[in-house]
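Asker: Below are the sequence and a predicted model; questions follow.
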Amino acid sequence: MESPEVTAMGALCPPGSTVIRLKELYKAFDNLVVLDGVSLDIRARECLVVMGPSGTGKSVLLKHIVGLLKPDRGEVYFHGQRIDRFNERELEAIRIRFGVLFQGGALFDSMNVFDNIAFPMREHTDHSASAIRDIVSQKLAMVGLDGAQDKMPGELSGGMRKRVALARAIALDPEVVLYDEPTTGLDPIRSDVINELILKLNDELHVTSVVVTHDMTSAFKVADRMVMLNNGKVVADGKPDEIRACKLEEVCRFVQGKATAEELLAIRQAKRNDTAPE
Amino acid sequence: MVAKLGELGLFCLESVGQYVRFVLAIFSWTVRGPGAFARRQMLIQMYEIGVMSIPVVMITGAFIGAVLAIEAYPQFQAIGMESRIGSIINVSVVKQIGPVLTAVMLAGRVGGALTAELGTMRVTEQIDALRAMASDPVRVLAVPRFLACMLMMPALTVFSDAMGMFGGWYISVHMLGVNSYDYWEYSRSALDLYTINIGFIKAIFFGGAIASIACYKGFNCGSGAQGVGRACTEAFVLSFVIILVTNFFLAMLLNTLYMIIWPNSGSIFG
């Protein structure tokens, strides 16, 4: 039985049903292939972590989900509706159901914290000024920053900026929240705060979360399911325990944070060459 | 070689097509109404673009009027018509130099700043964030800047024109000894409403060109600080070229129009 105060749209679809489906997605920039046939189902209310080395197309994948990038080939579905061929205006109706936390926060630096969070509400709702004030305060309280309304983004630390950006991303009570490297560049304690927030949103508001990260601590803490991308392909897909137990070398090395023997050898040799007398 | 030329041709065609689509999107949102946020932004931009540019436009306008007086005086004196110097100064300032100079100043002062601002927003994913929040960046960012620039250009041209007239008057009367009454009387007789409007029509076009080029370049800039820098340079150079090219074609068009409307009055220069 759902509690009546649940307002997020996530409450409307049954857990386990497919919300987002990516089918054979290909994307290349100039001659660099970033996504090479990625297929992925993202189910309602799950917290899916997409991990992988830098430059393997994790952020690009995320941008395809909300139509910020169009695939060269392949299909993107949202609730069974194919959206990759939508124009910008059609996509707006879909995007309003998403919240996106960008890597650097992407706060509007000409506006203070209050205006940043109020922006989507002023744009897409008929809320009165006092209702907006209340919601902003409530969202900021959720991320532990109530009272910071008048601050400018430039005055905030990296962690605070990300939390404000998260408050903005959830301002319209989205059904799906996409996180692009939510803990990158933060100290371990701040990272943990963000992890807790992701879990809280999943538990309390029943949002579907897609977290792109290469921070393994964060990944194992928040994930219901994990997917590993490498060279534009999905190389592993499973529950955190299954990923931990995975025997695939590239997955093991990534999870344990170990470079390959060749990479280490290359670095050692380069160092020796540097110090060698001419 | 041929393939390279073809590639370049295609690239140019694609860029022009994208720019035209961008401008059409601006017009489309202007007609449909860009919303409350954009309207508030427009007022802020009108202040930034318009009010803040007044001093620089006035200073340059005054000196252009002054230099015109210095250069034109010997020519007029040679044929004994120095009392008519006001007419040439004012026609030049109102029809050509006022709007063109204001546009060039605005392209430098505002065009570069707009490109840098929007380019930085793109590089820091703020434009993607807007799109992700289901707000069209063209509506929210480009429309207010475009309208502000287009509306403020004629207003700034008034300041530039006025100071040009004043600069010309000051030098002619106080340094070159032209009679003040003659200066203003010949200025008045040389300027009809159509001539004055030519300046304003040009100004509106220049304002639209500066803002649309600056916004387009900002929205499509490359990555990093280098990308933003390059976009600013390109926006300024392109604006400058477009201002001068548009000026030529508008002058031709508006003069032809004048002769069609008033066929018996001869050339507008007559």
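Answerer: Sure, I can see it.
Asker: ok, for A:Ala93, nearest residue in space, not its chain neighbours?
Answerer: Distances taken as CB to CB, 6 or more residues apart in numbering or on different chains put B:Ala134 closest to A:Ala93, at 7.5 Å, once the chain neighbours are dropped. For glycine as for every other residue, the C-beta is placed from the backbone atoms N, C-alpha and C.
Asker: My impression was that A:Val235 belongs to a strand - is that right?
Answerer: Yes: secondary structure assignment (DSSP: H, G, I helix; E, B strand; the rest coil) places A:Val235 inside a strand.
Asker: So what touches stretch B:239-259?
Answerer: B:95-96, B:99-100, B:103-104, B:107, B:111, B:194, B:198, B:201-202, B:205-206, B:209-210, B:213-214, B:265, B:267-268 (CB atoms under 8 Å, 6 or more residues apart in numbering or on different chains).
Asker: Among those, which lie within helices?
Answerer: Judged by DSSP state H, the subset of these located in helices is B:99-100, B:103-104, B:194, B:198, B:201-202, B:205-206, B:209-210, B:213-214.
Asker: and those, which two are the farthest apart?
Answerer: Pairwise distances across the ones in helices among the contacts of stretch B:239-259 peak at 30.4 Å for B:Tyr194 and B:Ala214 (criterion: CB to CB).
Asker: Those two: who's more crowded?
Answerer: B:Ala214 (32 against 15; other CB atoms under 10 Å in any protein chain shown).
Asker: So A:Ile117 sits against A:Arg168, correct?
Answerer: Yes: counting by CB atoms under 8 Å, A:Ile117 does reach A:Arg168; the two are 4.8 Å apart.
Asker: what touches both of these two?
Answerer: With CB under 8 Å, 6+ apart as the test, A:Ile117 and A:Arg168 both reach A:Lys139.
Asker: now the contacts of stretch B:239-259: which count as buried?
Answerer: B:95, B:99-100, B:103-104, B:107, B:111, B:198, B:201-202, B:205-206, B:209-210, B:213-214, B:268 (16 or more other CB atoms under 10 Å in any protein chain shown).
Asker: just so I have it, where are all the helices in the stretch 151-270 of chain B?
Answerer: Applying DSSP state H, counting those that start in this stretch to the stretch 151-270 of chain B gives helices spanning B:180-190, B:193-219, B:224-261.
Asker: ranking those helices by burial, who's on top?
Answerer: helix B:193-219 (a mean of 23; mean count of other CB atoms under 10 Å in any protein chain shown).
Asker: Mind giving me the packing neighbours of that one?
Answerer: helix B:2-32, helix B:98-106, helix B:112-123, helix B:143-169, helix B:224-261 (3 or more CB pairs under 8 Å, 6 or more residues apart in numbering or on different chains; DSSP states H and E).
Asker: Specify the stretch among the ones you listed that is closest to A:Asn112.
Answerer: Of all the helices and strands packed on helix B:193-219, helix B:112-123 sits nearest to A:Asn112, with 16.4 Å by CB to CB.
Asker: and A:His214, how far is that from chain B?
Answerer: For A:His214, the distance to chain B (CB to the nearest CB, to the nearest Å) stands at 18 Å.
Asker: I figured that residue hits A:Pro53, correct?
Answerer: Yes: between A:His214 and A:Pro53 there is a contact at 6.8 Å, judged by CB under 8 Å.
Asker: who has more neighbours, those two?
Answerer: A:His214 (18 against 14).
Asker: before we move on, the earlier item: overlap in contacts, A:His214 and A:Pro53.
Answerer: By CB under 8 Å, 6+ apart, the residues touching both A:His214 and A:Pro53 are A:Phe254.
Asker: Chain B contacts on the stretch 51-200 of chain A?
Answerer: Proximity of the stretch 51-200 of chain A to chain B (CB under 8 Å from any CB of the partner chain) is limited to residues A:63, A:66, A:68, A:88-89, A:91-93, A:95-96, A:98, A:100, A:102-104, A:106-109, A:119-120, A:122-124, A:168.
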